[in-house]
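>>> I'd like to go over a predicted model; first the sequence, then the structure.
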Amino acid sequence: MTIRDDKARIRAEARARVAGLSPAEKSRRSAQAVERFLALPTVAGAATLLAYWPLAEEVDVLPVCRRWLADGRRLAAVRVDWGRRVLDPAWVESLERGWVTGAKGVREPWGEAPRAERADIGMVLVPGVAFDAECRRLGHGAGFYDRLLVMEGLSAPRVALAFEAQLMDQLPVEAHDEPVDAVVTESRVLVRAGGRLAPPEC
């Protein structure tokens, strides 16, 4: 079995686990993960956030975005450049206006949304299909976030909100796979040793 086969198996297992949660249970656990994230001192001190529009199988991070905007803090979201196969951050002012449905059915800031410079981002939310206790991440397989996280100028802490059902004992990794600094679930916060978030803060 190749590492790609192993990744495909783990993605399928993680998706099946999340699919096994009822809508009510997913909503409850999602809200708990959001509150746990918002309670982190590092989050409270961040002025800007780079987020994304969540898929149905992911923790709903939109309440984080609403809280961020309500607090008067700047919010950016990822916009997909399919030609260059990269993610471009763009500033958003509302969750109700200024969004479009992209080529793959994912909501993203419209083309006229002003570009956000990577150096201006204070915190990054990173989605994923599966994670482990070392904060390794398995995405959907296209590598968009792996490329984003190594771009020059983006030095902000990167945190994933996930369901406990998405946590695996250990993920297979390749050289290009980028970890996150912390994984926040409905019941705990996992912090990567040597990352951008110190354990005492979490």
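On my side now, so go ahead.

>>> return the helix or strand in the chain with minimum mean pLDDT.
Sorting the helices and strands of the chain by mean pLDDT, DSSP states H and E puts helix 41-44 at the bottom, at a mean of 91.

>>> any idea of the mean pLDDT in the helix or strand that residue 88 is a member of?
Assigned by DSSP states H and E, residue 88 belongs to strand 86-92. Averaged across strand 86-92, pLDDT comes to 95.

>>> who touches that strand?
50, 74-81, 98-99, 108-109, 113-118, 121, 144-145, 147-148 (Cβ atoms under 8 Å, 6 or more residues apart in numbering). Heads up, the C-betas are built off the backbone N, CA and C, glycines and all.

>>> buried ones in it, by neighbour count?
87-92 (16 or more other Cβ atoms under 10 Å).

>>> how about residues contacting the next helix or strand after it?
Toward the C-terminal end, the helix or strand that comes next after strand 86-92 (DSSP H and E) is strand 99-101. Identification of contacts with strand 99-101 by Cβ under 8 Å, 6+ apart yields 53, 92, 107-111.

>>> how about a cut-off of 10 Å?
53, 77, 79, 92, 106-111, 113 (Cβ atoms under 10 Å, 6 or more residues apart in numbering).
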